[in-house]
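1. Got a predicted structure here, sequence first:
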Amino acid sequence: MEPWVSYITLGVTDLEKASQFYEECLGLPRLKAPPSVTFFSLGQTRLALWSRESLAADAGLVPEGVGFPGFSLAHNVRTQVEVDALLQHVASYGARVLKPGQPTDWGGYAGYFTDLDGFLWEIVYNPKFPHA
């Protein structure tokens, strides 16, 4: 396997609302897609939003399930101020801030939110993370 991820697909409960959140709130560039799915560019990787039921059926699973999914998505920003500003911004679109921005034990600054479907995002300032 080559060391890169091509798509991250999230199973969402309301495709229209989730697509609006990722496009309008997070400002992700939306790509052309069939009506049953939404694609966004994340640089070399794509984010796909698909109905939770369709994603589960495609994998041969049942869509029911609650609780911690065992992973998070992370977004690195350039300053601590950006962490706090982004957390405030996503909250204004209905996201739930679980942990406000605060210093980390490794010298950074981070906070967490869940999107409209409960997917966990970490917003991070890491002084050692390279930005283009």
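-> Cool, the structure landed.

2. and Ile8, how many neighbours?
-> By other C-beta atoms under 10 Å, the residues close to Ile8 number 15. The C-beta positions use only the backbone N, C-alpha and C, and glycine is treated the same way.

3. Next, the buried residues of the helix or strand where it lies.
-> Using DSSP states H and E, Ile8 falls within strand 7-12. Buried residues in strand 7-12, counted by 16 or more other C-beta atoms under 10 Å: Thr9, Leu10, Gly11, Val12.

4. Give the single residue among these positioned nearest to Glu122.
-> Nearest to Glu122 among the buried residues of strand 7-12: Leu10, at 15.3 Å, using C-beta to C-beta.

5. In the chain, what helix or strand scores lowest on average pLDDT?
-> helix 52-59 (a mean of 87; mean pLDDT, DSSP states H and E).

6. what's it in contact with?
-> Residues outside helix 52-59 that contact it (C-beta atoms under 8 Å, 6 or more residues apart in numbering): Thr9, Gly11, Val12, Thr13, Ser36, Val62, Pro63, Asp117.
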